[in-house]
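A.B. asks: sequence below, structure please.
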Amino acid sequence: MNRITGMAVPRRLFLQAAGVGLALPLLESMTPALAKAPKESETPRRFLGICNNLGVLPEHFFPQGTGRDYEASTYLKLLERHRNDFTVFSGVSHPDVDGGHPADICFLTAAPHPSSGGFRNTISLDQYIAEQIGIKTRFPSLTLGVNTSGGLRSLSWTGSGVLIPCEEKPSAIFRAMFTQGSPAQIEAQVRKLEQGQSILDAVAGQAKDLQKSLPARDRERLDQYFGSVRDLEQRLAVGKEWERKPKPAAPGPVPTDISTPAEYMAKTRLMYDMARLAFESDSTRSVTLMLDSVNSPVLELEDHEITEGYHNLSHHGKSPAKLAQLQAIDEWHMKLLDGLFTSLKDSKEDGQPLLDRTMILYGSNLGNASTHVTTNLPTLLAGGGFRHGQHLGFDRDRNYPLPNLFVSMLQRLGLEADRFASSTGTMRGLELA
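C.D. replies: Numbers count the residues shown, from 1 in each chain. Below you'll find the model as predicted:
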């Protein structure tokens, strides 16, 4: 019942509007968008966010000493040839992001208290980026995952706090980037886009009629809805142009998907390859990858026998056998990162290493998976045009806000941003190259 006019508001109308609102995240993540071509003088910059939701053994990750003369830890020695290409952080966390395992969905949002009743997530860093520069590429963003329960765990969240499901099949990602549909398939997709736009127009028209009789607070919320509708209508309109634009030539055969969750490292390597290909082809400039270790089984490693599930191992109780297996798993993560960094350095764009134009954020929502603490998060930033080769160490008891790093990254992308989530400014000590 409308409290001002006393008129009943049809529930069906609200459900129609909400239905489209809930569909927005899927459309934003799946629908191509077209914009003006970047200026020739513009340097394309990109973002890859990776979260391993069981983290690493902190005693083997964090280095000794700070600054540029730090002593590399066991794990960082595996990245030694890229020492000048990354910065490692300690004593950082997301203020008020607690709750243990549920905090993984806040890795790129920093929304507080994810395990509390009534929690609603906020926009993730990658989607904030996609909203600003996503129209420059065929895909505003890509949301990838390994062992994410059918894509239902994710790092990517829309401005309205709705999860964007992960894509777990490299073959599907590859085909989306490089396989051109037949003329009939292209026109069918264009018709779907046109139909989506007409549905939005119809719902928006109904909502405008309703707006006149609503209280001020409801009118404000409806205005926000209109903004989302207008933005999506624009994306749908220009998306038709992308459908008819030829895709880049495939760099090789379609990759073979790995169906066995136990082959976690092989799946991770493939996803790193897909992210690299996405950046090389400029298909997108914003990618996230959720490594869902919590839901991974006993892993198959080439050089070490693993006897328990990944999650069980994380609760090691200081067992030497479990710690040894965890260290072997963690070292494989570092080896794969080493391979990713190498491949992006070897790939050139305008004669420059692609790594110099790609910010890679690697970390976890847990500082110590054994105790579920969400402070002192293991965090590493590589590439992207910063002056690296250092350890920025902050107070490990009273942590420095990690969202400050997000602000620095947004500014490096050329975006006018002075805050993100619970940030207090830019990342202290991090300088441009």
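A.B. asks: Ser124: how many residues sit nearby?
C.D. replies: By other CB atoms under 10 Å, 32 other residues sit near Ser124. C-betas here are computed from N, CA, C, even on glycine.
A.B. asks: what's the closest non-adjacent residue to it?
C.D. replies: Closest residue to Ser124 apart from its sequence neighbours, by CB to CB, 6 or more residues apart in numbering: Leu108 at 4.0 Å.
A.B. asks: sec struct for the one you found, please.
C.D. replies: Under DSSP: H, G, I helix; E, B strand; the rest coil, the three-state class of Leu108 is coil.
A.B. asks: same question, the one 4 residues further on
C.D. replies: Remark: Pro112 carries the secondary structure label coil [criterion: three-state DSSP].
A.B. asks: wait, it sits on Pro403?
C.D. replies: No: using CB atoms under 8 Å, Pro112 is not in contact with Pro403; the gap is 11.2 Å.
A.B. asks: shared neighbours, those two?
C.D. replies: Listed as contacting both Pro112 and Pro403 by CB atoms under 8 Å, 6 or more residues apart in numbering are 94-95, 422.
A.B. asks: for Pro255, see how far away Leu323 is.
C.D. replies: Noted for Leu323: a distance of 34 Å to Pro255, by CB to CB, to the nearest Å.
A.B. asks: brain fart, Asn147
C.D. replies: Asn147 sits 17 Å away from Pro255, going by CB to CB.
A.B. asks: same check, this time on Arg285
C.D. replies: When Arg285 is compared with Pro255 (using CB to CB), they lie 22 Å apart.
A.B. asks: ok, now Phe279?
C.D. replies: 16 Å.
A.B. asks: can you pull out the strands in the protein?
C.D. replies: Ranges of strands in the chain, per DSSP state E, are 46-52, 86-90, 92-93, 142-146, 286-291, 348-349, 352-353, 358-363, 379-382, 390-393, 400-401.
A.B. asks: a markdown table for those strands, including mean pLDDT, mean neighbour count and distance to Pro63?
C.D. replies: Output for those, formatted as a markdown table (pLDDT from 0 to 100; neighbours: other CB atoms under 10 Å; distance: least, CB to CB, whole Å):
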| stretch | mean pLDDT | mean neighbour count | distance to Pro63 |
| --- | --- | --- | --- |
| strand 46-52 | 98 | 27 | 19 |
| strand 86-90 | 98 | 24 | 6 |
| strand 92-93 | 98 | 25 | 14 |
| strand 142-146 | 97 | 27 | 27 |
| strand 286-291 | 98 | 27 | 22 |
| strand 348-349 | 96 | 14 | 30 |
| strand 352-353 | 97 | 14 | 24 |
| strand 358-363 | 98 | 24 | 15 |
| strand 379-382 | 98 | 22 | 11 |
| strand 390-393 | 98 | 21 | 5 |
| strand 400-401 | 98 | 22 | 17 |
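A.B. asks: in TSV: those strands, plus distance to Ala417.
C.D. replies: Putting the strands of the chain into TSV (distance: least, CB to CB, whole Å) gives the following:
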stretch	distance to Ala417
strand 46-52	13
strand 86-90	20
strand 92-93	19
strand 142-146	21
strand 286-291	14
strand 348-349	24
strand 352-353	25
strand 358-363	14
strand 379-382	17
strand 390-393	20
strand 400-401	15
